[in-house]
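Visitor: Build me a structure from this.
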Amino acid sequence: MLWLMRFSGFFSAAMVLIVLSPSLQSFPPAEAIRSSHLDSYLRLPSYQLSTPPASPEDRFSFRKAAEFRNADKCGFTDHQINGVCDPSLVHVAITLDVEYLRGSIAAVHSILQHSLCPENIFFHFLVSDTNLETLVRSTFPQLKFKVYYFDPQIVRNLISSSVRQALEQPLNYARNYLADLLEPCVRRVIYLDSDLVVVDDISKLWSTNLGLRTIGAPEYCHANFTKYFTGGFWLDERFSGTFKGRKPCYFNTGVIVLDLVKWRRVGYTKRIERWMEIQKSDRIYELGSLPPFLLVFAGRVAPIEHRWNQHGLGGDNVKGSCRDLHPGPVSLMHWSGSGKPWLRLDSKRPCPLDALWAPYDLYGHSH
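Guide: Numbers count the residues shown, from 1 in each chain. Here you go, the predicted structure:
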C-alpha cells in the first residue's frame, strides 16, 4: 500500500478515499475477457479503432519506454546472460493481440519499472498475429523477449460456444500450451493477463514456493464454486466426481505461476483438452477457458497471497460499473471484467482506479 499512498497525492480526496479505504464487501470474481473481433481488418503496425480513419503512422503508435537497468546487487550484467536458458532469468508469459496490445504494453512497462533487476526478466509473448515483434522492439529496445506463434487451429475444434462470444477466442487458451510452446529448458514461468499492472518486484512472485503443486495462484474460497458449472455437471457423478477428495476453490487464471517440468511430466495439456472434448458433447459449463482449468487444478493449487491478484477492477460485466480494491496490500492490480481502463480513459468516463493504470500507458495519443 505504500506505493498507492505515495501516488494518492495526485488525485482528489474522493480518489484517495477509494484507494486507501476500499469497500469491505467482497464481490464475485470475473474472468478476464479477450475479444479479437476487430482482427479481420486490423493490421499492425497500424490499426483503425473507429471512424474517422487516422493516417497510417498515427493509428497505432507507442512511445519508446525509458531504459531500465539492473541495480548493483543483481549480481551480473547484460552480457553475462546466455539466452533464454540462462538459469538466472525470470520468465514471464503474456499474450499479445491487437485489441489488448495497449494493455499488454502497459503490463510490461509496469513490470520493468518496479523490478530491481529488470534486465533479468525474459518475456515470452504468445501471438496469433505474427506482425507484432517489430512494434514491441521499437517500444522496448532493450527488452529480452521472444514471440511464439500460437496456431488458433489447435483449439478451434475444441472450443464450445460460451455465454459471451469474447470468451471463445482461441488465444484465451494459449496458456494451456505454454509447456509445449516454450523451450524445454524453461522450467518455470509466470503467466499474466494483458489487463493488469504490477506495482511490486515480480521476482517476489517468481520465488513462490509451489511445494508439490504444479501451479500457484491466489485462491478465493469464499466464491460460490458451484456456479462455474452447470446443474447437469453436479448431478452426474461421472463429472462432479472429479472433485472427490479435493477442496476446490475458485482461482483467477490471469495470474499463475507454473512449474513446467511437472506440467510436462504429467501431461496436463491433454487433461485440459479432454475436459474440453467432454464439454462439446455434454455442456458442463458456460464460461470459456476458465472451467477446464478449474476441473484439472482446483483444490490442487499452491496458494499465493491475494496481493498478487487484486482482480475484478474492470467491473462485473455491467457497463459503467466501477470497483474498489480488495482490503489489504497491493502488488498487482487486475482489470478483469468487461471494463478496461484504456477504453474508459479514452471515453472520458474513467473509474477512479483507472488513474492508477494510466502512468504505465505508452500509447502515443493517450495523454
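Visitor: Going by C-alpha atoms from here, please, whenever you check contacts or count neighbours.
Guide: Fine.
Visitor: could you show me where the strands are in the stretch 101-250 of the chain, in order?
Guide: Shown for the stretch 101-250 of the chain, the strands assigned by DSSP state E, counting those that start in this stretch span residues 121-127, 144-149, 188-192, 196-198, 215-217, 219-220, 250-251.
Visitor: roughly how far is stretch 189-201 from the heart of the chain?
Guide: Remark: stretch 189-201 is offset 6 Å from the chain centroid, using CA atoms, centre = their mean, to the nearest Å.
Visitor: List the contacts of it.
Guide: Under the criterion CA atoms under 8 Å, 6 or more residues apart in numbering, residues 3, 32, 90-96, 100-101, 103-104, 106-108, 110-111, 114-116, 175, 206, 254-260, 330-336, 340, 357, 360 lie in contact with stretch 189-201.
Visitor: Where does pLDDT dip in the stretch 51-200 of the chain?
Guide: Along the stretch 51-200 of the chain, segments meeting pLDDT under 70 span 51-60, 76-80, 160-168.
Visitor: go with 80
Guide: Within the stretch 51-200 of the chain, the stretches with pLDDT under 80 are 51-60, 75-82, 130, 160-168.
Visitor: Out of the strands of the stretch 101-250 of the chain, which is closest to Phe233?
Guide: When the strands of the stretch 101-250 of the chain are compared by CA to CA, strand 250-251 sits nearest Phe233, at 16.5 Å.
Visitor: now the helices for this protein?
Guide: Ranges of helices in the chain, per DSSP state H, are 2-7, 13-20, 56-59, 101-114, 133-139, 153-156, 178-181, 202-206, 231-235, 237-240, 260-266, 268-282, 290-297, 341-346.
Visitor: could I get the fifth one in PDB with only the CA atoms?
Guide: What follows is helix 133-139 as a C-alpha-only set of coordinates in PDB (Å, rounded to 0.1, in the frame of the first residue of the first chain):
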ATOM      1  CA  GLU A 133       7.500  -8.200 -32.900                       C
ATOM      2  CA  THR A 134       8.700  -5.000 -34.500                       C
ATOM      3  CA  LEU A 135       6.300  -2.900 -32.500                       C
ATOM      4  CA  VAL A 136       7.400  -4.500 -29.300                       C
ATOM      5  CA  ARG A 137      11.100  -4.000 -30.100                       C
ATOM      6  CA  SER A 138      10.600  -0.300 -31.000                       C
ATOM      7  CA  THR A 139       8.800   0.300 -27.700                       C
END
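Visitor: what comes up buried for that helix?
Guide: Glu133, Leu135, Val136, Thr139 (16 or more other CA atoms under 10 Å).
Visitor: repeat for the longest one
Guide: Under the neighbour-count criterion of 16+ other CA under 10 Å, helix 268-282 has Tyr268, Thr269, Ile272, Glu273, Trp275, Met276, Glu277, Gln279 buried.
Visitor: list the contacts for the fourth one?
Guide: I take that to be Glu273. Contacts of Glu273 (CA under 8 Å, 6+ apart): Leu158, Pro292.
Visitor: And the third one, by the same measure?
Guide: With contact taken as CA under 8 Å, 6+ apart, Ile272 is in contact with Asn176, Pro292, Phe293, Leu295, Val296.
Visitor: The fourth one contacts Thr242, doesn't it?
Guide: Right, the one you point to is Leu295. Yes. Contact criterion CA atoms under 8 Å: Leu295 and Thr242 qualify, at 7.3 Å.
Visitor: who has more neighbours, these two?
Guide: Leu295 (18 against 11; other CA atoms under 10 Å).
Visitor: For that one, list the residues it contacts.
Guide: So Leu295 contacts Thr242, Phe243, Ile272, Trp275 (CA under 8 Å, 6+ apart).
Visitor: Over to Glu237?
Guide: Per CA under 8 Å, 6+ apart, neighbours of Glu237: none.
Visitor: low pLDDT regions in the stretch 201-350 of the chain?
Guide: 287, 316-320.
Visitor: one more time with 50, if that's ok
Guide: Within the stretch 201-350 of the chain, not a single segment meets pLDDT under 50.
Visitor: before we move on, back to that, what would the buried residues of helix 268-282 look like in TSV with distance to Arg323?
Guide: Output for these, formatted as TSV (distance: CA to CA, whole Å):
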residue	distance to Arg323
Tyr268	34
Thr269	34
Ile272	32
Glu273	34
Trp275	33
Met276	32
Glu277	36
Gln279	32
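Visitor: Which of these sits closest to Glu305?
Guide: Distances from Glu305 to those, taken by CA to CA, are shortest for Tyr268, at 24.2 Å.
Visitor: distance of the closest one from Leu181?
Guide: With distances taken as CA to CA, to the nearest Å, Tyr268 is found 14 Å from Leu181.
Visitor: With Ala65 instead?
Guide: 28 Å.
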